[in-house]
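# Everything below, folded, please.
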Amino acid sequence: MPADTDVLSELDLGEPPQELLEWAKENINEDLETRDELLEELRNLIYERGECIPHRTDDAFLLRFLRARMFNVRKAHRLLVNYYEFKENNPEFYDGVNLRNLLRIGDKDIITVPPYREQTGRRILLYRMGKWDPEQFTIDELFQATMIVLELAILEQRAQILGGVAMFDLGGLTLQQAWYMTPSIAHKIVQIMVTSFPMKIHAIHIVNQSWIFDAVYNIFKPFLDSKMKEKIFFHGENMESLHQHIDSKHLPERYGGVHPDYCYSDWIKFFESSEKIKYELSSLGYKDDGEGDGNKK
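Numbers count the residues shown, from 1 in each chain. This next block holds a predicted model:
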């Protein structure tokens, strides 16, 4: 497994090292002696309850839901049901999506994942919303890119165990962009971050926000419980505040870090060259030619 300091536009698709498994045992209740039993219990609950029809029920797929809910089988089952309900209720976020869609938005630097991790080993999902032109990319296309990025990220067992970090750079955010942030859209974002995807978001960092953000955040508040609010940190232009959470060694230069901007297309080249990733995306309904049905079960 690559070190946390490595800069590499590749996913680590191998088995987690022993030290990470030890961390998982202590922090998310993952015990190799009971894991198979809990996987079978979750599988049986899926069939007994019949609340969703997963496209897969193999160990590798179900394990990500158990990890996201600290091996509580009933909570993992609820997360699985929520995951499929979200897909069913929002087909526009999945239909006809492929890696080339992701490249278009990545090229504009709107949604990116740096090719390195922060100091705890977590990936950073970075949004630069001021760069978003609603006339060029619809809000649905931003959701499409988000969902495929998350599906790719969760292929790393490290991400399943440790979760991730989200960062929103709101520099340059305009009223025109904020206008698109309706209560319905805010609710969907919270669903992705909290209730409907099998990766824990351990922190959300807001930087370079202006007065416009206050109105946007008020739309989100009704959907955030106290636990989620505690995970949101507001830094403004104070990068030293951000560095208290993410070490500057693991940030781009624009946030007081040391890293330049890396070419996003390197990620796409890796994705397209990996047979495992092609298989995983195909199993979710994503197609190489862009004619996939990501809502397939």
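# ok, now how distant is the residue located most distally from the centre of the chain from Ser196?
Distance from the centre of the chain peaks at Glu48, with 29.4 Å (CA atoms, centre = their mean). According to CB to CB, to the nearest Å, Glu48 and Ser196 sit 22 Å apart. Every C-beta, even on glycine, is put in place using the N, C-alpha and C of the backbone.
# mind checking the backbone torsions on Pro115?
The phi/psi pair for Pro115 (degrees, to the nearest 10) reads phi -80, psi 40.
# State the number of residues packed around it.
18 (other CB atoms under 10 Å).
# what's the nearest residue to it if we skip its chain neighbours?
Nearest non-adjacent residue to Pro115, counting by CB to CB, 6 or more residues apart in numbering: Ser9, 4.2 Å away.
# Contact partners for that neighbour?
For Ser9, the contacting residues are 115, 262-263, 266-267, 269-270, by CB atoms under 8 Å, 6 or more residues apart in numbering.
# Can you flag which of those residues belong to helices?
266-267, 269-270 (DSSP state H).
# from what I can see, the residue nearest to Pro115 looks like it's in a strand, true?
No - the assignment for Ser9 is coil, going by DSSP: H, G, I helix; E, B strand; the rest coil, so no strand is present there.
# where does it sit relative to Trp267, distance-wise?
5 Å.
# Which residues are in contact with each of these two?
With CB under 8 Å, 6+ apart as the test, Ser9 and Trp267 both reach Pro115.
# Which parts of this structure are strands?
111-112, 123-128, 164-169, 201-207, 232-236 (DSSP state E).
# a markdown table for those, including mean neighbour count and distance to Ala178?
Output for the strands of the chain, formatted as a markdown table (neighbours: other CB atoms under 10 Å; distance: least, CB to CB, whole Å):
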| stretch | mean neighbour count | distance to Ala178 |
| --- | --- | --- |
| strand 111-112 | 22 | 18 |
| strand 123-128 | 21 | 14 |
| strand 164-169 | 22 | 13 |
| strand 201-207 | 19 | 14 |
| strand 232-236 | 16 | 16 |
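# want to throw the ones you listed into a markdown table with mean pLDDT?
Below are those laid out as a markdown table (pLDDT from 0 to 100):
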| stretch | mean pLDDT |
| --- | --- |
| strand 111-112 | 90 |
| strand 123-128 | 96 |
| strand 164-169 | 97 |
| strand 201-207 | 97 |
| strand 232-236 | 98 |
